[in-house]
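J.: coords please:
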Amino acid sequence: MTATGTTAPPTLSTARRAIGLGLAVASGVAVAVQSRINGELGVRLADGIAAAVVSFGLGLLVLLVLVPGTPGGRRGLVALRSALRTGALRPWQCLGGVCGAFLVAAQGLTVGTLGVAVFTVAVVAGQTGSSLLVDRAGVGPLGRQPVTPARLVGAALTVLAVLLAVGDRFGDPDTLALAVLPLLAGVGIAWQQAVNGRVRGAAGSALTATLVNFTVGTLALLATFAVEVAVRGRPTGGFPSEPWLYVGGPIGIAFIALAAAIVRFTGVLLLGLATIAGQIVGAVLLDLVLPTAASRPGPATLTGAALTLVAVLVASLGFRKRKEGPPLNVSGRGRAPR
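T.: Now for the predicted structure:
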């Protein structure tokens, strides 16, 4: 309350965090849509790695036109080169795209069999635990984040929620084995979001950070695909004619750019939880509106989705900004922690 008895307006940091949470939820919905698209593309091509190459490659082509064609993108490239040259940004911090490539490959390899909901729960299980560790280690642009009771409860509720939502789908041992891929992809997402936030801070441009992510990811996928072709031969499927099966890359651009832009306001765990909430909601909506044989949501699924949103709220109440020590480098000036 203020001296006049009126409620004080929210601080700028609080408003930014609220906006960031909303954008993170929206990006999570987009990831659920991307999972369905890339999973279907993998089925059509009869090769999940090939689908990932197509998705990432198309996204990279868009960025190669968009980033150099905008003043902010050009300034970001100059700042990025300077940050790498001076050591303000370490080369290993530019490798987040490898984790993104693995996630997209897992979509193409498993969603056609697992369905979006089971894929999502496996990603969530890996992402939630990894986010706690990444925040605690200080990999992200906010530096070390305390593992408060509220953050632990929020993470635990998230895992409980997604298990409740799709727990009846895990009776098949083959499904559990296949779910290891998205589980590992979820572990990588937290680290990817953290280091992409570092790149965004050094470049001063979310689009530039996204270009770095897609460049690294595409190169990793091309190398993997080359090995696969050498061992197994070319994919037996064909390119589908439906245009919507090729928008997974642009959706990935929006997701990576948003995550790189808002992680400095939310932290890795809170960003991850909000994204998870969007993924769960998106997966449920997809299963309801466009059902498949692998996804038939019931009351438990809807309850789990609601509990996920509660988990995000609980974790957000436990969020507090880093107060001790000197500020971390998020502007491209100074030296990032070694």
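J.: use CA for all of it now, contacts and neighbours both
T.: Noted.
J.: touching, Gly186 and Gly129? I think so.
T.: No: with contact defined as CA atoms under 8 Å, Gly186 and Gly129 do not form a contacting pair (9.1 Å).
J.: against which helices or strands is the longest helix along the chain packed?
T.: Secondary structure of the chain per DSSP state H: the longest helix is helix 12-45. Here helix 12-45 touches helix 48-66, helix 96-114, helix 116-137, helix 248-266, helix 268-289, going by 3 or more CA pairs under 8 Å, 6 or more residues apart in numbering; DSSP states H and E.
J.: and the angle for the fourth one with helix 48-66?
T.: Angular relation of helix 248-266 and helix 48-66 on a 0 to 180 degree scale: 70 degrees, by axes from the mean of the first three to the mean of the last three CA atoms, to 10 degrees.
J.: for helix 248-266, name the packing helices and strands.
T.: helix 12-45, helix 48-66, helix 180-203, helix 206-232, helix 268-289.
J.: out of the ones you listed, flag the one nearest Ala122.
T.: Ala122 lies closest to helix 180-203 among the helices and strands packed on helix 248-266, at 4.6 Å (CA to CA).
J.: what mean pLDDT does the closest one have?
T.: On average, the pLDDT along helix 180-203 is 86.
J.: show me what whichever strand or helix holds Val153 is packed against.
T.: Using DSSP states H and E, Val153 falls within helix 149-166. On a contact count with 3+ CA pairs under 8 Å, 6+ apart, helix 149-166 meets helix 116-137, helix 268-289, helix 299-317.
J.: OK, contacts around the closest residue to Arg44 other than its chain neighbours?
T.: Take Arg44 and drop its neighbours on the chain: the residue closest to it by CA to CA, 6 or more residues apart in numbering is Gly237, 5.8 Å away. By CA atoms under 8 Å, 6 or more residues apart in numbering, the residues touching Gly237 are Val43, Arg44, Leu45, Ala46, Asp47.
J.: how would you label Gly237: helix, strand or coil?
T.: When classified by DSSP: H, G, I helix; E, B strand; the rest coil, Gly237 comes out as coil.
J.: and it, how far from Pro71?
T.: Going from Gly237 to Pro71 by CA to CA, to the nearest Å gives 41 Å.
J.: any idea how far Leu152 is from Trp191?
T.: 18 Å.
J.: what do you get for Arg151?
T.: Applying CA to CA, the value for Arg151 to Trp191 is 18 Å.
J.: surely Val43 meets Gly112?
T.: Yes: Val43 lies in contact with Gly112 (CA under 8 Å); the separation is 6.4 Å.
J.: ok, these two, which is more surrounded?
T.: Neighbour count, other CA atoms under 10 Å: between Val43 and Gly112, Gly112 has more, with 23 against 20.
J.: quick one, what contacts that one?
T.: Listed by CA under 8 Å, 6+ apart, the contact partners of Gly112 are Arg36, Gly39, Glu40, Gly42, Val43.
J.: with Leu178 instead?
T.: Taking CA under 8 Å, 6+ apart as the test, what Leu178 contacts is Thr110, Leu114.
J.: where does the stretch 1-150 of the chain dip in pLDDT?
T.: 1-12, 138-143, 145 (pLDDT under 70).
J.: how about 90 then?
T.: Scanning the stretch 1-150 of the chain for pLDDT under 90 picks out the ranges 1-28, 30-32, 34-36, 39-40, 43, 72, 93, 100, 103-104, 106-150.
J.: fine, thanks again, bye for now.
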